[in-house]
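S.K.: for reference, the sequence and a predicted model appear below.
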Amino acid sequence: MMNNQSMPFQPIDIALAKRVCQWHNATNSQLLMQSVLATSFALQQGHTCLSLKDCLQESPFNEMESFGFQPFPATDDWMAALSEFNLDPNSQSPIILHNQRLYLRRYFQFETEVLNFFKRHNQRITLDSKQAATARQYLNDFFAPSAEIDWQRAAAINALFSQVSLITGGPGTGKTYTVTRILATLVAISPSMPLIQLAAPTGKAAQRLAESIREAKQSMSLDLFVGEAIPDEATTIHRLLGVIPNSIHFKHDENNPINADILLIDEASMIDLPLMARLVRAIKPSTQVIFLGDADQLPSVAAGSVLTDLIERPHPGYSPERVKALAQFGIETSEISAQASTFRDDLTELKRSRRFDGGSGIGKLAKAILNGQPQPGITLFETQTDLEWLSTPLDKALKQWTAEYYRDLPSQRSLSDAFLQLKQFRILCAHREGEQGVEAINETISKQLNINRQPFYKGQPIMVTQNHYGLKLFNGDIGLVWPNESGQLMVWFESLEGYRAVAPGRLPSHETVFAMTIHKTQGSEFSHVAMVLPDAASAIVTRELIYTGLTRAKNAFTLVASSAVWKQGITNQVHRWAGLSSRLNQNDLEEGSEKGSKL
Ligand SMILES: Nc1ncnc2c1ncn2[C@@H]1O[C@H](COP(=O)(O)OP(=O)(O)OP(=O)(O)O)[C@@H](O)[C@H]1O
């Protein structure tokens, strides 16, 4: 029956489809079998469900015949045919049909948990007159009067008055600047010293969050007790939840929630749906939560695009109560009132980049990319000095970059100088494989620098590719090979306490890192970024990928790509099927669908 040649579906999809058909006593139903198969496949592509409408426009779902299957019927006929089975959210079926979307049951539960958290936790906070006076004084100190709407101040007001708030903004829009001031204000109005926890999806992002918060704290003259309450350390979401070795469960859940009065989660765009469900499950009702992130960046590696789904664009406006509160705290405008009964008091978008001023090519190019404009983007390379479109062949460029940034790494005066030099530049690729991929580029540069092919050499940058909780090393952490006082080569990592050395033999999985994938660089920044795109068009090259790669650059950006691949990438947007945003607009909690064992 099946032609397995070039079939995209994996044995795991087929095995699951068969099991679900058995569960429904429907081993003869070709349509049910194919529907589960397609849902399982969609999940592996990053979707949280199979959209019975949208999938009919897309490969491989619209070419099932070419794999020896039957074509899927039109959406209405498909729904009608599936109505023969009980796929209701309240049933125990392993596959759920909801609003023309098919879900594996546990993903429907994850989505429902996230949704219900945002509905339940979306309560308004009221301040007494003393708290309001203190908050006003702090906000006036932190945010200068402004003729235009100051979205940073608005974000602060929204966070003060909401049990959960979401702040999104591009690079340098002042997310950390704003949130440090929010935390300070929250501490100042708290009756007792609140317990604040800071977390991010990866160790690297947590480290960067902690550094940024410490820097921001130092630049503010805070009362001692306020400064002390804002932590200098951040953790990963996994550690916050308490990893149980060899288990998908965490120590903290609804029965043993995270101990925090205020919880700040950074880089929220990197959180996938299962992790978000496990996180919100462990948040107690009294915890005030702030999510920070850039909704335009690449979504999580695993299924879902939770932050993007939670952000409504354009913003539908604020409730009359919130408009009043905003006015009382310095933002007087009716421009932001909701026109209808739907409003999003929990949501603020920071729009003005403080890092990229009006003259910055990187900032302008980021805007052109987000607007889906490849041609104006190309023109910017001709006019902006911080942008360069490289016409030289890649191997010549690699020689040039090696000479400029890497050859003298071992002769830097100190480890900290070597780290500074390393952060100056990074090559970012879309793929790992292929001539323009991470592996080939790392190999080419390694050959130039490590002629004797030593396993470890002074000045070698190393990226850890596996979490090691004992050594406090996380997937994506970057270290440098450097001698210790007795001349022995060690791998050094930056930490809040300074540098720490790990013997090369103790390192978990790792690789040499001159180039890395754009996915891996989320949460990092470099002075100069060179982005190398593949020769031929690729589904991986998307607007979000290019935007994420570009916005890792602070001062200079070099592109190695053909104009065809650039254009194709900018017009190719990531879309992930999910029900989160449409379900968020329905008012009721969906209790029934949360039933069942927690996964
Ligand atoms: N209102 C402001 N007034 C003065 N400087 C500001 C203001 N907002 C932000 N900045 C400065 O702009 C720079 C970028 O701010 P910040 O690091 O908070 O942005 P971000 O959105 O967290 O960036 P990224 O996402 O790239 O980390 C910082 O140097 C910060 O001090």
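M.R.: That came through fine. Numbers count the residues shown, from 1 in each chain.
S.K.: now residue 279. Nearest residue, chain neighbours left out?
M.R.: Closest residue in space to residue 279, ignoring its immediate chain neighbours: residue 237 at 5.8 Å, by C-beta to C-beta, 6 or more residues apart in numbering. Where you see a C-beta, it was placed from the backbone N, CA and C, and this is true even at glycine.
S.K.: the residue in the stretch 251-400 of the chain positioned nearest to the ligand: how many residues sit nearby?
M.R.: Residue nearest to the ligand within the stretch 251-400 of the chain (C-beta to the nearest ligand atom): residue 354, separated by 3.3 Å. Using other C-beta atoms under 10 Å, residue 354 is surrounded by 12 other residues.
S.K.: the residue nearest to residue 279 is in contact with residue 271, isn't it?
M.R.: Yes. With contact defined as C-beta atoms under 8 Å, residue 237 counts as touching residue 271 (7.0 Å).
S.K.: now the closest residue in space to residue 390 that isn't next to it in sequence. Its backbone dihedrals?
M.R.: Spatial nearest neighbour of residue 390, chain neighbours left out: residue 560 (4.9 Å); criterion: C-beta to C-beta, 6+ apart. Here is the backbone geometry of residue 560 (degrees, to the nearest 10): phi -120, psi 100.
S.K.: return the residues in contact with residue 560.
M.R.: For residue 560, the contact set (C-beta atoms under 8 Å, 6 or more residues apart in numbering) comprises 390, 394, 397, 436, 530-533.
S.K.: can you put these in TSV and add secondary structure and pLDDT?
M.R.: TSV is the format used below for these (DSSP: H, G, I helix; E, B strand; the rest coil; pLDDT from 0 to 100):
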residue	secondary structure	pLDDT
390	coil	92
394	helix	92
397	helix	94
436	coil	93
530	strand	97
531	strand	97
532	strand	97
533	coil	95
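S.K.: quick revisit: so what's in contact with residue 237 and residue 271 at the same time?
M.R.: By C-beta under 8 Å, 6+ apart, residue 237 and residue 271 have these common neighbours: 201, 265, 279.
S.K.: in the stretch 51-200 of the chain, where is pLDDT below threshold?
M.R.: Under the criterion of pLDDT under 70, none of the stretch 51-200 of the chain is flagged as low confidence.
S.K.: then the stretch 401-550 of the chain?
M.R.: For the stretch 401-550 of the chain, the stretches with pLDDT under 70 are 496.
S.K.: do the stretch 201-350 of the chain as well
M.R.: Of all residues in the stretch 201-350 of the chain, none has pLDDT under 70.
S.K.: so which bits of it are right by the ligand?
M.R.: By C-beta under 6 Å from any ligand atom, the residues of the stretch 201-350 of the chain that approach the ligand are residue 212.
S.K.: and the residue of the stretch 201-350 of the chain nearest the ligand?
M.R.: Closest point on the stretch 201-350 of the chain to the ligand, by C-beta to the nearest ligand atom, is residue 212, at 5.6 Å.
S.K.: count the neighbours of the residue nearest to residue 279 for me.
M.R.: Using other C-beta under 10 Å, the number of residues around residue 237 comes to 24.
S.K.: about what we covered before: quick one: the shared contacts of residue 237 and residue 271 as JSON lines, columns for distance to residue 457 and secondary structure too.
M.R.: JSON lines is the format used below for the shared contacts of residue 237 and residue 271 (distance: C-beta to C-beta, whole Å; DSSP: H, G, I helix; E, B strand; the rest coil):
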{"residue": "201", "distance to residue 457": "32", "secondary structure": "coil"}
{"residue": "265", "distance to residue 457": "39", "secondary structure": "strand"}
{"residue": "279", "distance to residue 457": "41", "secondary structure": "helix"}
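S.K.: go through stretch 431-449 and flag the buried ones.
M.R.: 431-432, 434, 436-438, 440-442, 444-446, 449 (16 or more other C-beta atoms under 10 Å).
S.K.: could you dump that stretch to PDB, C-alpha only?
M.R.: Output of stretch 431-449 as PDB, limited to C-alpha atoms (Å, rounded to 0.1, in the frame of the first residue of the first chain):
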ATOM      1  CA  HIS A 431      22.700  25.200   9.000                       C
ATOM      2  CA  ARG A 432      25.200  22.900  10.700                       C
ATOM      3  CA  GLU A 433      25.900  20.900   7.500                       C
ATOM      4  CA  GLY A 434      27.100  22.000   4.000                       C
ATOM      5  CA  GLU A 435      29.900  24.300   2.800                       C
ATOM      6  CA  GLN A 436      28.200  27.300   4.400                       C
ATOM      7  CA  GLY A 437      27.400  25.400   7.600                       C
ATOM      8  CA  VAL A 438      28.900  25.500  11.100                       C
ATOM      9  CA  GLU A 439      30.900  22.300  10.900                       C
ATOM     10  CA  ALA A 440      32.700  23.100   7.600                       C
ATOM     11  CA  ILE A 441      33.500  26.700   8.700                       C
ATOM     12  CA  ASN A 442      34.800  25.600  12.200                       C
ATOM     13  CA  GLU A 443      36.900  23.000  10.500                       C
ATOM     14  CA  THR A 444      38.400  25.400   8.000                       C
ATOM     15  CA  ILE A 445      39.400  27.900  10.700                       C
ATOM     16  CA  SER A 446      40.600  25.200  13.100                       C
ATOM     17  CA  LYS A 447      42.900  23.900  10.300                       C
ATOM     18  CA  GLN A 448      44.400  27.400  10.000                       C
ATOM     19  CA  LEU A 449      45.000  27.900  13.700                       C
END
